[in-house]
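In: My questions are about this predicted structure, shown below with the sequence.
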Amino acid sequence: MEPSRKNPEIIQGGMGIGVSNWRLARAVAREDQMGVVSGTAIDSVFVRRLQSGDVDGSLRRALARFPRPDMARRILDKYFVPGGKPPGAAYLPVPKLVWNMEPLSAELLVVSNFVEVFLAKEGHAGLVGINYMEKIRLATLPSLLGAMLAGVDYVLMGAGIPSAIPGALGGLARWEAVELKLQVEGGGPKDNCSCRFDPAAFASEARTELTRPRFLAVVSSDVVARSLARKTSGVDGFVVENHTAGGHNAPPRKCGPSSSASAPGYGPKDAPDIGKIRGLERPFWLAGGYASPAKLKEARDLGAGGIQVGTAFAFCRESGIRPEIKEEVLRQYLKGELEASTDFRASPTGYPFKIITSLKNVQASRERKRLCDLGYLRQLYRNGNSEIGYRCPAEPVKSYLAKGGAPEETDGKQCLCNGLMATIGLGQSRKEGEEAPIVTAGEDFSFVEHVLGASRDETAYGAKDVIRYLLD
């Protein structure tokens with residue numbers, strides 16, 4: 001079964017970690033556009049919310065609707081802290097992702113994805129999608145099942161070429177065991193390391209009928225779009241994102257300097273050929289600097305179904321970013337002091353990553369003592385004994401080199417996992433202090449005056465204000 005609904009004009013970007021939360025997605029979906037939650041590191045986000053006390057009871061309300069009460073109870077017993085953990089106390093961690101995943105890890109992924117989508121869809125009939133990073137493959141299959149159990153309408157994925165996802169969605173909808181090939185550094189071309197996931201272990205006695213959600217690939221190139229359309233069955237459309245968007249960007253064909261607001265190195269060759277994408281005869285949306293009525297019209301004139309908008313939603317009331325960070329970013333923009341740069345070294349993925357450099361936390365995040373305790377961006381590798389190991393270029397340099405990593409790969413690397421968690425108010429407390437936030441955003445803030453004027457507030461606006469402005 002596949003959903004048959006009218007395509008939205010506006011897709012709210014799936015910004016992680018936890019920026020595109022269920023409150024934001026629900027607010028957008030209630031306005032008849034597509035709300036999107038982020039599935040990146042959602043297991044850690046979920047358990048830290050539980051340890052923060054689940055003040056309004058939303059998480060426990062959703063857990064009560066999970067089809068396997070025994071799994072929900074195990075997680076509550078382990079992680080829920082009534083009233084919240086004491087200030088300064090550390091969050092209890094979740095198990096790091098590994099290819100031979102332990103049962104608790106899989107349960108956390110299934111349940112946390114279910115809860116986020118369930119809450120985003122609660123109380124309305126609008127569209128809700130979930131966004132994942134293709135680079136974080138170890139979490140993908142259990143995460144998809146959890147989202148599907150909650151009735152997610154769309155799955156979006158980028159930061160790679162997600163050719164295996166449409167088939168996995170079909171298999172999970174039929175309650176079949178599915179596999180996902182893993183990328184292993186140091187492995188040969190015939191290295192068959194993969195993770196296998198059997199959804200039957202998560203079925204209740206009255207097995208729920210699952211609907212296969214539509215799948216949208218997030219791409220930056222018409223070449224990738226055409227390859228996916230030609231070689232992969234089940235790609236229902238594309239989000240075509242250019243390098244002005246926030247978060248991770250595709251590398252330029254000729255990499256420029258390590259950091260610049262205008263990202264030198266990107267040029268005409270990096271612009272996707274929209275005519276060729278239109279020729280694939282599948283729905284597509286344009287993203288990266290499209291947050292205006294004029295750009296929405298331009299996208300429609302080019303044959304797009306509409307636009308995906310991230311930054312304008314990232315700094316609205318409902319998003320997960322800490323309120324004081326939102327206020328400071330908006331004030332800096334209005335004063336002409338906001339600076340964002342594309343850092344070609346910061347991300348452990350190797351992809352360029354946009355960072356707002358005018359915030360006072362930037363230096364603290366760069367000087368942070370190296371520690372990899374979340375590990376979502378770790379890369380699998382074959383060690384000298386041909387066994388699977390895990391390493392991240394943002395971990396302590398000595399440890400990374402001992403695992404066979406090259407020293408130049410550690411240069412300038414930052415821990416995005418912990419920094420982005422701090423941005424949403426869930427940073428880990430350590431003896432050195434709390435983790436410093438890392439804030440990402442796109443280059444286009446031209447929407448600010450319009451949405452602040454609509455909300456009649458100097459430094460705050462809502463998701464509804466963004467949608468009304470875009471559809472004006």
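Out: Yep, it's here. Here the structure is a predicted model, which is why all the values come from computation and not from measurement.
In: going forward, measure contacts and count neighbours with C-alpha atoms only.
Out: Fine.
In: which element is Gly389 on?
Out: Assessed by DSSP states H and E, Gly389 sits inside strand 388-391.
In: If you count contacts, what does that strand end up packed against?
Out: For strand 388-391, the elements it packs on are strand 379-382, judged by 3 or more Cα pairs under 8 Å, 6 or more residues apart in numbering; DSSP states H and E.
In: just how off-centre is the strand it packs on within its chain?
Out: In terms of Cα atoms, centre = their mean, to the nearest Å, the centre of strand 379-382 is set 22 Å apart from its chain centre.
In: Now do the helices in the stretch 201-350 of the chain.
Out: Ranges of helices in the stretch 201-350 of the chain, per DSSP state H, counting those that start in this stretch, are 222-231, 274-278, 293-301, 311-314, 323-334.
In: Please identify the most buried of the ones you listed.
Out: helix 311-314 (a mean of 26; mean count of other Cα atoms under 10 Å).
In: Just the C-alphas of stretch 86-103, formatted as CSV.
Out: Extracted in CSV, the C-alpha atoms of stretch 86-103 (Å, rounded to 0.1, in the frame of the first residue of the first chain):
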residue,chain,number,x,y,z
PRO,A,86,20.1,17.1,38.7
PRO,A,87,21.7,20.2,37.0
GLY,A,88,25.3,19.4,36.1
ALA,A,89,24.8,15.6,36.2
ALA,A,90,25.8,13.7,33.1
TYR,A,91,23.3,12.1,30.8
LEU,A,92,23.3,8.3,30.7
PRO,A,93,24.6,7.3,27.2
VAL,A,94,23.0,5.0,24.7
PRO,A,95,25.1,2.1,23.3
LYS,A,96,27.2,3.1,20.3
LEU,A,97,26.1,1.8,16.9
VAL,A,98,27.9,-1.3,15.7
TRP,A,99,27.2,-3.6,12.8
ASN,A,100,26.3,-6.6,15.0
MET,A,101,23.9,-4.5,17.0
GLU,A,102,22.8,-5.5,20.5
PRO,A,103,19.0,-5.8,21.1
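In: I'd like the average pLDDT over it.
Out: Stretch 86-103 shows a mean pLDDT of 92.
In: residues of it that come out buried?
Out: Under the neighbour-count criterion of 16 or more other Cα atoms under 10 Å, stretch 86-103 has Ala90, Tyr91, Val94, Pro95, Leu97, Val98, Trp99, Met101 buried.
In: And those, which is closest to Asn361?
Out: Ala90 (20.5 Å; Cα to Cα).
In: show me the contacts for that closest one.
Out: By Cα atoms under 8 Å, 6 or more residues apart in numbering, Ala90 lies in contact with Gln428, Ser429, Arg430.
In: try 10 Å
Out: Arg48, Gln51, Gly427, Gln428, Ser429, Arg430, Lys431, Glu434 (Cα atoms under 10 Å, 6 or more residues apart in numbering).
In: May I see these arranged in CSV, with secondary structure as well?
Out: Output for these, formatted as CSV (DSSP: H, G, I helix; E, B strand; the rest coil):
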residue, secondary structure
Arg48, helix
Gln51, helix
Gly427, coil
Gln428, coil
Ser429, strand
Arg430, strand
Lys431, coil
Glu434, strand
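In: out of those, which is most surrounded?
Out: Within the contacts of Ala90, most neighbours by other Cα atoms under 10 Å means Arg48, with 27 neighbours.
In: Surely that residue and Asp54 touch.
Out: Yes. Using Cα atoms under 10 Å, Arg48 is in contact with Asp54, at 9.2 Å.
In: overlap in contacts of these two?
Out: Phe80, Val81, Gly84.
In: Can you flag which of those belong to helices?
Out: Among these, DSSP state H puts none in helices.
In: Buried ones among the residues you listed?
Out: Phe80, Val81.
In: Out of the shared contacts of Arg48 and Asp54, the closest to Gly375 would be?
Out: Of these, the one sitting nearest to Gly375 (Cα to Cα) turns out to be Phe80, at 22.5 Å.
In: Let me see the contact set for that closest one.
Out: With Cα under 10 Å, 6+ apart, Phe80 has these contacts: Val47, Arg48, Arg49, Leu50, Gln51, Ser52, Gly53, Asp54, Leu59, Arg60, Arg73.
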